[in-house]
Structure formats: structure tokens, C-alpha cells
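Novice: What follows is a predicted structure for the sequence shown.
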Amino acid sequence: MKKMFISALVFSCVSTSGVYALSRPGMEFKIFQFPHDRIPRIDGKTDDWAIVPAEYSYGTDQLDDTEDGHGTNIDRKDLDVKVTVGWVKGMNRLYFLYEAYDDFWDFERFNPNGYLNDIFEIAVDGDLSGGPFITNEYITGTKGKIANHFAFSGVHAQNYHIFTPPQNNAWVLVWGCQPWISELPWSNYAYSYNFRQGESGKLVLECWITPFDYTPYDGPERAVESRLVENSLIGLSWSILDFDGGKRDGHYNLAHNVKMVSDASYLCAFRLMPLEDRFKKPIEARWTFKVVDMDRRLVAFNDESIGTITSWLWTFGDGTTSTERNPIHEFTKPGIYYVVYLDVEGPAGKSRTAKYWDVMVK
């Protein structure tokens, strides 16, 4: 019932065109796709990110001080940051590399609200559902606030207050009703720095998080991960809360609107980019399948080969073949396991991929 309630609220925030307004219209940021054999180690080091082109990194010049009136005129001798975002096809994770110089790192002040600490804040909306995700203006009063928190706060989009660095506390304060998303297997983190409280210096934070379409207070059993799909858009933004001696020195924001911390309609558009050509083989046979009707032994095959392909040859393992690119095949002979081959050919040569026993029909 709670999930249906949230879905109705989220749907009401979407425009009739199916796409709501994001911050910084007309601007699209990019998320780098890591090859499967180059997934970053979470160790606080930057060497795994050396393969990422500079165009995927976003620095201080993209930020706006949305609270203290500095605008985009940010003194880089005071604070200078660079954020790079990556993903891996087939994994519902967003990888972050946060590199920051600060002239005064403030991180030893305990505060029950968790605010008197330099913070890197991430807000993510994996399915572009839009709308508020921390507070609901229609739920008021003491009992309403409690209901708002457990049924609404952080449910369809998530906010991470990441301490930079943490000192005698957890690495992140999840602003929402689901603190479990800050732990393995839904996130991981590592830091690298050599400064002390009040000193200047450079910090490296490396982490990954799992975005969710639905993430309730009572744990992952009913949660729904956002499915990250190549070339699709997600809502994402970040801000930096900079404290100097317990006083906030700035609130620097990629969305140029502080509402991004609690309303996904104010996030930025980020595209999950395809793998760059330099990481691809000139030609490689790849395919997936789906059993359409088990009783009829009907299977749909989908070609996902890499490179320019001019011909396809499917061998289904039951004595039949097809030269269609995406055939739908009926296995007339009863059985359980089939060995299916796909041979492709193009200007770069030939390639074959077989899957043993993956295709099972009765």
C-alpha cells in the first residue's frame, strides 16, 4: 500500500509529455562506461580512473554558490573540486571519484544533525520519476511528519551526505528513511588524505552507490533497484558544504538550485554513455534470448554483436538454422538444454559465440 501511495505521488509530478523539467535545461552531463575488465577498485586511488577522458569530469567552474551569494565566482584557492562519474553495463551502480582541495578542512566537530562537517552531497533519481523525495507538503503535523519520513523520505530518489572525511562516525548520513543503502552490498567507499583538522590539502574520495526506484525504511526485501541502461538519462546532482571553523563558508551546487537536495525535479540530466570504441573489439558476436512461450517452446533471440555486421547465422542446436538478425524460433523437438551458436561476419572479419545449456525449454 505504501508503494502504491508513493507511486501516485511521483506520477503526479510528471508532465503530460512524460518528461519533467530538470535544472540547467539544454545541458546534458555524461557518465563514463568502464569496460568489464577495468572496473575501479575502491581503494582511494585515482589510477583506475586514468582511462577516463577529461570531458567526463566536472570541476569548480560548473558549481554555483546557491546560498551565500558568491554565484559561480568561486575562489579556487578556497575550494577547488573535480567530480567524475562512471558506470558498468549490467551493474546498477554509479561510481564516483571526488577530488577536492580545501584551504580549511573542517571535520572534527560533533553535531547531532551531522552538518558541522565538510560534506560532499549526492542526490540521485535513477528512473527520472521527479518530484520531492524528502518532504511532502501535503503531510503536516507531528503524526504527519512521522508518516512522511517512513513512507516518503528518500523512497523514490536518494540523498547521500558524505563526510569529507569522516571522523569517529559513519562515512555517510543518508537523508531518508533507509540507512541500510549506505552499507555493502549497496555501496562502498575509500578515502585518501594526509591533512589534519583545520589544515589545507587535497582529499580523494572513491565510492559507488546503488540508485533505487523504490527504497523503503524496512530494508532491501521490497526495494527495487534502478535499472541502468546504456544511452538512457538519469537525474543526478551534487553539492559541497564547506565549513571553516564551524561556520559555513559556502554551499556549492552543480544544479545551481539548492532544491536539488530534496526534489528530484531540480537534478541535472546525466546520460549513461556507451562503451568508447577504443575498448571494443572490431567485431564480436554477442546475443541474448527470452523464452516467449514455454509450452510452445518459443524463444526470441536478440543480436547484440559489436562492430559492423553484414550477415548472421544462428544454429539452434536442434538441426535448424536462421539468417535473420533477431529470429523468433520454435523448438519443435522436446528437450531441456540446447547449445546455440551465433556466427556473424562483417568488414572486420568473423566471430562466433556459443552458449552451452543456457537455452532451456521443455
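Specialist: That came in fine, so what should we check first?
Novice: what about the residue nearest the centre of the chain, which SS state?
Specialist: Central residue of the chain (CA atoms, centre = their mean): L94, 3.5 Å from the mean position. Following DSSP: H, G, I helix; E, B strand; the rest coil, L94 is assigned to strand.
Novice: likewise the one 5 residues further on?
Specialist: Under three-state DSSP, the three-state class of E99 is strand.
Novice: And for F29, nearest residue in space, chain neighbours not counted?
Specialist: F270 (4.7 Å; CB to CB, 6 or more residues apart in numbering). C-beta here means a position set from N, CA and C on the backbone, and glycine is covered the same way.
Novice: Surely that neighbour touches N231?
Specialist: No - counting by CB atoms under 8 Å, F270 stays clear of N231, with 11.8 Å between them.
Novice: higher neighbour count, those two?
Specialist: Between F270 and N231, F270 has the larger neighbour count (other CB atoms under 10 Å), namely 22 against 9.
Novice: tell me the contacts of the more buried one?
Specialist: Residues in contact with F270 (CB atoms under 8 Å, 6 or more residues apart in numbering) are E28, F29, K30, I31, V85, L233, I234, G235, L236.
Novice: Sticking with the residue nearest to F29, tell me its helix or strand.
Specialist: strand 268-272 (DSSP states H and E).
Novice: Please state the offset of that strand from the chain centre?
Specialist: 9 Å (CA atoms, centre = their mean, to the nearest Å).
Novice: Equivalent analysis for stretch 64-75, please.
Specialist: 27 Å.
Novice: do stretch 242-251 as well
Specialist: Taking mean C-alpha positions (CA atoms, centre = their mean), stretch 242-251 and its chain are 28 Å apart.
Novice: same thing with stretch 97-107?
Specialist: The answer for stretch 97-107 is 23 Å, by CA atoms, centre = their mean.
Novice: for stretch 159-166, same thing?
Specialist: With CA atoms, centre = their mean, you get 17 Å for stretch 159-166.
Novice: How about stretch 139-159?
Specialist: 23 Å.
Novice: average pLDDT across it?
Specialist: For stretch 139-159, the mean pLDDT works out to 84.
Novice: got it, and stretch 86-104?
Specialist: 97.
Novice: Check which element follows the strand holding F270 along the chain.
Specialist: Following strand 268-272 in sequence, per DSSP H and E, is strand 287-293.
Novice: The stretch 51-200 of the chain: strands as residue ranges?
Specialist: Along the stretch 51-200 of the chain, the segments classed as strands by DSSP state E, counting those that start in this stretch run 57-59, 64-65, 79-88, 91-102, 119-125, 158-163, 172-174, 187-192.
Novice: for the fifth one, packing partners?
Specialist: On a contact count with 3 or more CB pairs under 8 Å, 6 or more residues apart in numbering; DSSP states H and E, strand 119-125 meets strand 91-102, strand 158-163, strand 201-209, strand 233-244.
Novice: Alpha carbons only: can I get that strand in PDB?
Specialist: Output of strand 119-125 as PDB, limited to C-alpha atoms (Å, rounded to 0.1, in the frame of the first residue of the first chain):
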ATOM      1  CA  ILE A 119      30.300  17.400   3.100                       C
ATOM      2  CA  PHE A 120      30.100  16.100  -0.500                       C
ATOM      3  CA  GLU A 121      26.300  15.600  -1.100                       C
ATOM      4  CA  ILE A 122      24.900  13.400  -3.800                       C
ATOM      5  CA  ALA A 123      21.300  13.200  -4.900                       C
ATOM      6  CA  VAL A 124      20.200  10.600  -7.500                       C
ATOM      7  CA  ASP A 125      16.900   9.800  -9.200                       C
END
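Novice: Tell me how far that strand lies from the chain's centre.
Specialist: Centroid separation between strand 119-125 and its chain, computed with CA atoms, centre = their mean, is 11 Å.
Novice: For that strand, buried residues please.
Specialist: I119, F120, E121, I122, A123, V124, D125 (16 or more other CB atoms under 10 Å).
Novice: on that earlier part again, do you know how far the residue nearest to F29 is from M260?
Specialist: 13 Å (CB to CB, to the nearest Å).
Novice: Show me what E345 bridges to in the sheet.
Specialist: Beta bridges link E345 to S311, K350, judged by DSSP bridges.
Novice: Give me the secondary structure label for the nearest residue to S322 once chain neighbours are set aside.
Specialist: In space, and not counting its chain neighbours, S322 is closest to W314: 4.4 Å by CB to CB, 6+ apart. Under three-state DSSP, W314 falls in the strand class.
Novice: tell me the contacts of W314?
Specialist: F301, T321, S322, T323, E324, P327, H329, V340, Y341, L342.
Novice: hmm, 7 Å instead?
Specialist: Counting by CB atoms under 7 Å, 6 or more residues apart in numbering, W314 makes contact with F301, T321, S322, P327, L342.
Novice: so can I have CSV of these showing pLDDT and distance to F133?
Specialist: Putting these into CSV (pLDDT from 0 to 100; distance: CB to CB, whole Å) gives the following:
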residue, pLDDT, distance to F133
F301, 95, 39
T321, 95, 51
S322, 96, 47
P327, 97, 43
L342, 97, 43
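Novice: Can you pick out the most distant pair from these?
Specialist: F301 and T321 (11.8 Å; CB to CB).
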